[in-house]
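Trainee: the amino acid sequence is not available; the structure is as follows:
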Ligand SMILES: C[S@@+](CC[C@H](N)C(=O)[O-])C[C@H]1O[C@@H](n2cnc3c(N)ncnc32)[C@H](O)[C@@H]1O
């Protein structure tokens, strides 16, 4: 896509390309609806359609890692396919579970990722160089549980004593491998899978029935949950569950996708900086940024991940102090202004930024209205706002109560382009 007007034309007359329509198996397309957003006297077109479907089966199995406020892989895929070509560098300054870099790597692009929370790299990097289930199995078989290990905190409300001992053994092994520089891609993969299996609501997790690991409840709350559900932690075989999840993550990945991932892993850049200070990224180098920022004070990325931090020996207070939590819109805008200045520096002339803003405070705060002037002030051209309007039917089962909901869900993405060099 060469310029802003070509993009507008595409969004307006949207139809799925043949290869994607097979992959997405999407319902018949609606006609694009256009609404005008006016901010400070500047009018911008909003293009509304179901540009991608959120059905999980339509994305790669290797993306099936839980993380608070993550977006679906279909979102970055849409922009990567449209706005980049193989070999271009795709970046996310707030990478989270790594949805953008993983999708970009699968599609043969180079990747750069940043997130101030070290968990992001732990969850993302190993998936660029996946081992086989057999390699994982052999590595785990070499570990012998050590009954003398003592935990510094009481996790008996989550784990059967035998499971906890296996987890402590694995945690110590991984820490030793890391501290002595012996850690390899198989260790990193095992760490990533275990971090993702710590707590959850099925027998595929190490814990008794509880919330997923990205929203781990406190030990006190878990005691209450156990009492209410009259449940006790049963034994879960840590090694077996890691191998099982490995197979699941790799079940829908082709040889060419695996090769693309490996190629991207050789040059991938992972940073743990503030998104406004990423000096290690060369100026004018990034072809496309696809990102969603922390939204005001809605998600507590560190606290909700406390068990993941424990397993990875990370200091939760250190992380909490660094993560951006803004209580007012003015504070958020100041922070994002600095991020936009940095994005302008690193974007190549003619490159793009797709900045997703979620629904905040039940739609009462429309962050796109804040984002538009921030981008323009730095020198970006505004290319429009894309609203992916999708219908969904969701069945969730919370505390044993079936909850069938259907409705609509929307992603709102403000699109910018850095003007090409004249
Ligand atoms: C909305 S989430 C991104 C989720 C991501 N799109 C995904 O699919 O997983 C925002 C992320 O910003 C990170 N974060 C918060 N403050 C930051 C900062 N100042 N610099 C860099 N990352 C930050 C959080 O740790 C969190 O992972």
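Mentor: Received, thanks. Predicted model, so just to flag it, every value in this text is computed and none were measured.

Trainee: and the residue sitting furthest away from the middle of the chain, which of the three is it?
Mentor: Residue farthest from the centre of the chain, counting by C-alpha atoms, centre = their mean, is residue 148 at 36.8 Å. Look at residue 148: counting by DSSP: H, G, I helix; E, B strand; the rest coil, its state is coil.

Trainee: immediately after the helix or strand of the chain with the lowest mean pLDDT, which helix or strand?
Mentor: Across the helices and strands of the chain, mean pLDDT, DSSP states H and E gives its lowest value to helix 18-24, namely a mean of 55. Downstream of helix 18-24, the next assigned helix or strand under DSSP states H and E is strand 33-39.

Trainee: name every strand pairing with that next one and say which way it goes.
Mentor: Here strand 33-39 has these sheet partners by DSSP bridges: strand 42-49 (antiparallel).

Trainee: quick one: distance of the strand it pairs with to the chain centre.
Mentor: 26 Å (C-alpha atoms, centre = their mean, to the nearest Å).

Trainee: from the ligand, how far out is residue 153?
Mentor: Noted for residue 153: a distance of 23 Å to the ligand, by C-beta to the nearest ligand atom, to the nearest Å. Where C-beta positions appear, they are placed from N, C-alpha and C, glycine not excepted.

Trainee: ok, residue 113 next?
Mentor: Distance from residue 113 to the ligand, by C-beta to the nearest ligand atom: 10 Å.

Trainee: again with residue 352
Mentor: Taken as C-beta to the nearest ligand atom, the span from residue 352 to the ligand is 16 Å.

Trainee: got the contact list for that residue?
Mentor: 79, 83, 287-289, 383, 415-418 (C-beta atoms under 8 Å, 6 or more residues apart in numbering).

Trainee: and the pLDDT at it?
Mentor: Here the pLDDT value assigned to residue 352 is 98.

Trainee: phi first, then psi, for the spatially most central residue of the chain.
Mentor: By C-alpha atoms, centre = their mean, the chain has its centre lying nearest to residue 97, at 3.2 Å. Dihedral pair for residue 97: phi -80, psi 0, per degrees, to the nearest 10.

Trainee: hang on, the earlier thing: just the contacts of residue 352 now: which is nearest the ligand?
Mentor: Among those, residue 289 lies closest to the ligand (C-beta to the nearest ligand atom), at 11.3 Å.

Trainee: packing partners of the one helix or strand the closest one maps to?
Mentor: Element membership for residue 289, per DSSP H and E: strand 286-291. Here strand 286-291 touches helix 74-83, strand 89-92, helix 329-346, strand 347-357, going by 3 or more C-beta pairs under 8 Å, 6 or more residues apart in numbering; DSSP states H and E.

Trainee: ok, and for the helix or strand just after that strand, which residues are buried?
Mentor: Using DSSP H and E, the helix or strand that follows strand 286-291 towards the C-terminus is helix 306-311. Residues 306-311 are the ones in helix 306-311 that count as buried (16 or more other C-beta atoms under 10 Å).

Trainee: what's helix 306-311 packed up against?
Mentor: For helix 306-311, the packing partners by 3+ C-beta pairs under 8 Å, 6+ apart are helix 185-196, helix 316-322.

Trainee: please repeat the previous calculation with a cut-off of 10 Å.
Mentor: helix 119-124, helix 161-179, helix 185-196, helix 316-322 (3 or more C-beta pairs under 10 Å, 6 or more residues apart in numbering; DSSP states H and E).

Trainee: quick one: contacts of the last one?
Mentor: Surrounding helix 316-322, the residues in contact under the criterion C-beta atoms under 10 Å, 6 or more residues apart in numbering are 116-119, 272-274, 300-303, 305-310, 315.
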